[in-house]
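# sequence? don't have it. structure:
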């Protein structure tokens, strides 16, 4: 390995890509949004309240009252605290007319057999979405509970039935230590590191995306054969991985710095406070997975980038790998409830999902050492394998113009080498 | 000996692209690497460029394996292009640096080369702003930017207009005067005849003709003379056929007949001669004859 040549490639990749319009626009987008927000705030300070109300109206059902046609008798008259949001109607026809006139957002038809069946018909205009909103709405639930229990039970009991639990999270680690007590503690211990890890994972894909682009462009421009007659594919790849990794990092730093600047240091304080509360283990392992993940993906992207005959084709090929990386995101909803579930553990040992999976799991729960060591070993073994295969693919790809090598051809060449 | 190709074998799956190929290139010569499409020329060059590994045999350049000679070798590939969005100067400096040339030296050399191909005013412009002809000249100097001792040119005239063909041809001749060794692969036989000292003709991965161009042409010269005159008598001794050709006559000679005797007979009979020459054989004819002969043989065997 000629390190001077690696450095020449690194510097070239960084300097040429940092001047690219695409990079500048992407990097400037966060500060630009910040400036826009500030300008918007300055110009529309007066109207902001109105605008906020308008937006709220678009997304919130509770501001437009709900019509009620009660035949069961439990909901007449409507209790004073609900009179603002619920309007009684004597007949279905009357209520529907009000719905058409947009005086109410939905109409609840409560039949005589309500107590036995619990059946409530929700009439809404346009789509059935309203029914779903109503059944999930806390206000609507409280409306039913309050009316059913009013005067029948103690007011405190009624209040508890309507709002049974004010959840305050407290998590015990296996060592018996208490983590994340109270709302903010929970945010610092779990939410912030979790989003930080998603943020880092995103930068992995930004940087490896640049790599794909850079290689595919050299292939499309047909300059690649001249380049590999001067440097070894390994040297070229190493230079690109370093140069474009640095580029991705610059982008992230600009984003973070601008976020800090525009929020008047609040984000910085939050980040510092957040970082201070993130357990050292999560922080250190996060960096380790970040580096391993970027290296693995960057190498794969370089190998794939050269296989396509055009940029578009290369991007399509790379999509297969991006899909794997996205799997942990797809199950992130379940991860919150059980970060150590079986599927998450399986994905931890699969090289393409290991970095993303672990970076998402680490802040959420105490991940066993078996998973940590196992996934790092898997990644450490996969990187040289990817480098070997990547360099081979690179050689195959660069010699094929006008036609993408078939999977069979790729397999034959890998097998042969 | 600058380049030595020894018993080189390269296979792609079941296809043998280069089949026990051997040849040598001497210092300071222009060496023609010829052959029909798919003969194995580009594969041979790619092995010499360390882009492909040989399956068997070896290539040495300046006594070193290709991987260690990269800095001394220039390469103009058949499939070529440049960074379209980079500036002309930056592109060439980067390519020189990749070959191991220090940045400052590379800059100086690039500027002088750009002057030589009359593109010095374009140094700060992007490659994509250049016309096609200019880009082709630029690609050509990109292979020389690090001042290599050996230069491989794979189809350097492909897609060039006649004016640029002349320019590149003069440039190649100039490189020979500077003592560079050039391996030239092209299908344009007239340019091979004008430029090359020695050639190897490859077919199906094997060398079928190898040696100095003049000797090869002599070996393949037909037994004929070409005469420019008002008329040619029918009963000349040793002449078995007379064929008019574009204001001249091609005289086919009997086996063992001497062109000198034909000339003497023509003068003795008072034929007014404007020109008399032993009929030359175009390299193209030798190429076609050898390759199609090989193919017929191959088909016969199959």
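Cool, the structure landed. No experiment lies behind these values; they were computed from the predicted model shown. Residues are numbered from 1 along each chain as shown, chains lettered A, B, ... in the order given.
# skipping adjacent residues, who's closest to the residue of chain A found nearest chain B in space?
For chain A and chain B, the shortest gap (CB to the nearest CB) falls at residue A:222, measuring 3.3 Å. (Each C-beta comes from the backbone N, C-alpha and C, glycine too.) With sequence-adjacent residues excluded and distances taken as CB to CB, 6 or more residues apart in numbering or on different chains, residue A:222 is closest to residue B:81, at 3.3 Å.
# now do the SS call for the one you found.
Put simply, residue B:81 is coil when judged by DSSP: H, G, I helix; E, B strand; the rest coil.
# where does it land on pLDDT?
On pLDDT, residue B:81 comes in at 85.
# mind telling me what element residue A:123 is part of?
Using DSSP states H and E, the element containing residue A:123 is strand A:120-124.
# adjacent strands (with direction) for that strand?
strand A:106-110 (antiparallel) (DSSP bridges).
# and the partner strand, how far out from the chain's middle?
In terms of CA atoms, centre = their mean, to the nearest Å, the centre of strand A:106-110 is set 37 Å apart from its chain centre.
# average model confidence for it?
Strand A:106-110 shows a mean pLDDT of 89.
# next SSE downstream of it?
Heading C-terminal from strand A:106-110 (DSSP H and E), you reach helix A:114-117.
# could you give the number of residues near the residue of chain A closest to chain B?
Residues near residue A:222, counting by other CB atoms under 10 Å in any protein chain shown, number 17.
# quick one: contacts for it?
By CB atoms under 8 Å, 6 or more residues apart in numbering or on different chains, residue A:222 lies in contact with A:401, B:77, B:79, B:80, B:81.
# 6 Å instead?
By CB atoms under 6 Å, 6 or more residues apart in numbering or on different chains, the contact set of residue A:222 is B:79, B:80, B:81.
# what sits up against stretch A:299-309?
By CB under 6 Å, 6+ apart, stretch A:299-309 touches A:208, A:211-212, A:215-216, A:219, A:237, A:240, A:314, A:317-318, A:321, A:386-387, A:390, A:393-394, A:397-398, A:404.
# before we move on, the earlier item: among the contacts of residue A:222, which one has the most neighbours?
residue B:80 (23 neighbours).
# I'd say that one and residue B:139 touch.
Yes: Residue B:80 is within contact range of residue B:139, at 5.2 Å (criterion: CB atoms under 6 Å).
# ok, back up a step: pull out the buried positions in the strand holding residue A:123.
Residues A:120, A:122, A:123, A:124 are the ones in strand A:120-124 that count as buried (16 or more other CB atoms under 10 Å in any protein chain shown).
# with pLDDT and distance to residue A:9 added, can I get those in a markdown table?
Below are those laid out as a markdown table (pLDDT from 0 to 100; distance: CB to CB, whole Å):
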| residue | pLDDT | distance to residue A:9 |
| --- | --- | --- |
| A:120 | 88 | 68 |
| A:122 | 87 | 63 |
| A:123 | 88 | 67 |
| A:124 | 83 | 61 |
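# need the max-distance pair from the residues you listed.
Using CB to CB, the pair of the buried residues of strand A:120-124 lying farthest apart is A:120 and A:124, separated by 12.6 Å.
# so what's whichever residue of the stretch 151-300 of chain B sits closest to chain A bridging to?
Distance from chain A to each residue of the stretch 151-300 of chain B (CB to the nearest CB) is smallest for residue B:152, at 8.5 Å. On the basis of DSSP bridges, residue B:152 is bridged to residue B:75, residue B:183.
# go ahead and confirm it touches residue B:183.
Yes: using CB under 6 Å, residue B:152 is in contact with residue B:183, at 4.8 Å.
# excluding its backbone neighbours, what's nearest residue B:226?
residue B:279 (4.7 Å).
# for residue B:221, same thing?
residue B:281 (5.1 Å).
# what about that neighbour, neighbour count?
17.
# distance-wise, check it relative to residue B:268.
28 Å (CB to CB, to the nearest Å).
# tell me the bridge partners for the residue lying closest to residue B:195 once chain neighbours are set aside.
In space, and not counting its chain neighbours, residue B:195 is closest to residue B:30: 5.0 Å by CB to CB, 6+ apart. Beta bridges link residue B:30 to residue B:182, judged by DSSP bridges.
# wait, residue A:293 touches residue A:355, no?
Yes: here residue A:293 reaches residue A:355: they are 2.7 Å apart, a contact under CB under 6 Å.
# on that earlier part again, can you pull the contacts of the residue nearest to residue B:221?
B:217, B:220, B:221, B:222.
# so it, which state does it fall into?
With three-state DSSP as the criterion, residue B:281 reads coil.
# got phi/psi on it?
Per-residue torsions, residue B:281: phi -110, psi 120 (degrees, to the nearest 10).
# over to residue B:247?
Phi and psi for residue B:247, reported as degrees, to the nearest 10, are phi 80, psi 0.
# show me the shaky parts of the chain.
I'll assume chain A. A:41-63, A:126-133, A:135-136, A:167-197, A:199-200, A:260, A:262-279, A:398-406, A:409-410, A:412-417 (pLDDT under 70).
# wrong one, chain B
The low-confidence ranges in chain B, as defined by pLDDT under 70, are B:297-302.
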